[in-house]
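Chemist: could you work out the structure for the sequence below:
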Amino acid sequence: MFMSESENKSKGNRPASRQDLVRMLELRSQIKSRTPYFRRFESWRYMRLDYPWRKPKGIDNHQRKSIKGWPHLVKIGYRVPKEVRYLHPSGYRDILIHNMKELEALSAETDAARIAGSVGRRKRIELAMRARELGIRVLNGRNLLTVTKTEEEAEKEEPAGKKKKDSSKSKGKKK
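Modeler: Residues are numbered from 1 along each chain as shown. Below is the predicted model of the structure:
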């Protein structure tokens, strides 16, 4: 399926098909495997300097001059394809959600939900159940739905006629 450039732009620069997306994700993983770890100049030498990247600006800086034997500079050539930039490895956009309104605004074809850490357990379970109904993937929802049981499953395990033993008796030593 071939698309003109205007049609491709109207789709928001998304790949034409799922197959193209998979190919681009593989390309991204190859590029990232070759990309060096960029760190701040001489941060390995002085404890007072943190590791995160800062552009070297000194007049005689070896790293800025790209002299052999010094770490590489951040350059545009290390970027990944625009269509797969910032996507989750599964190919979905990773969207942080806090409530039901944000969940229902997502698209099942392109988005995956990540439930915020500030959301409590009860709301997490409700969000995960609603996401299952809508067909939206939850990236950090492991064990949310397996731990909770539906009312029907609970009734099957425990017949209505039987009662649990009263364990309120003390289990101390007998005299």
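Chemist: three-state assignment of residue 26?
Modeler: Counting by DSSP: H, G, I helix; E, B strand; the rest coil, the backbone at residue 26 sits in helix.
Chemist: pLDDT at it, what is it?
Modeler: Listed pLDDT for residue 26 reads 93.
Chemist: what is the burial count for residue 113?
Modeler: When neighbours are counted by other CB atoms under 10 Å, residue 113 registers 25. (Each C-beta comes from the backbone N, C-alpha and C, glycine too.)
Chemist: quick check: the closest residue to residue 91 other than its chain neighbours vs residue 146, distance?
Modeler: Once flanking residues are discounted, residue 91 sits nearest to residue 21: 5.2 Å by CB to CB, 6 or more residues apart in numbering. Distance, residue 21 to residue 146, using CB to CB, to the nearest Å: 29 Å.
Chemist: again with residue 157
Modeler: Residue 157 is 15 Å from residue 146, where distance means CB to CB.
Chemist: equivalent analysis for residue 132, please.
Modeler: Noted for residue 132: a distance of 12 Å to residue 146, by CB to CB.
Chemist: if you count surrounding residues, which of the two has more?
Modeler: residue 132 (14 against 8).
Chemist: how is the protein divided into domains?
Modeler: For the chain, the structural domains run 13-83, 93-149, going by automatic domain parsing.
Chemist: tell me which of those domains is the most buried.
Modeler: Burial of those is given as mean neighbour count (mean count of other CB atoms under 10 Å); domain 93-149 ranks first at a mean of 15.
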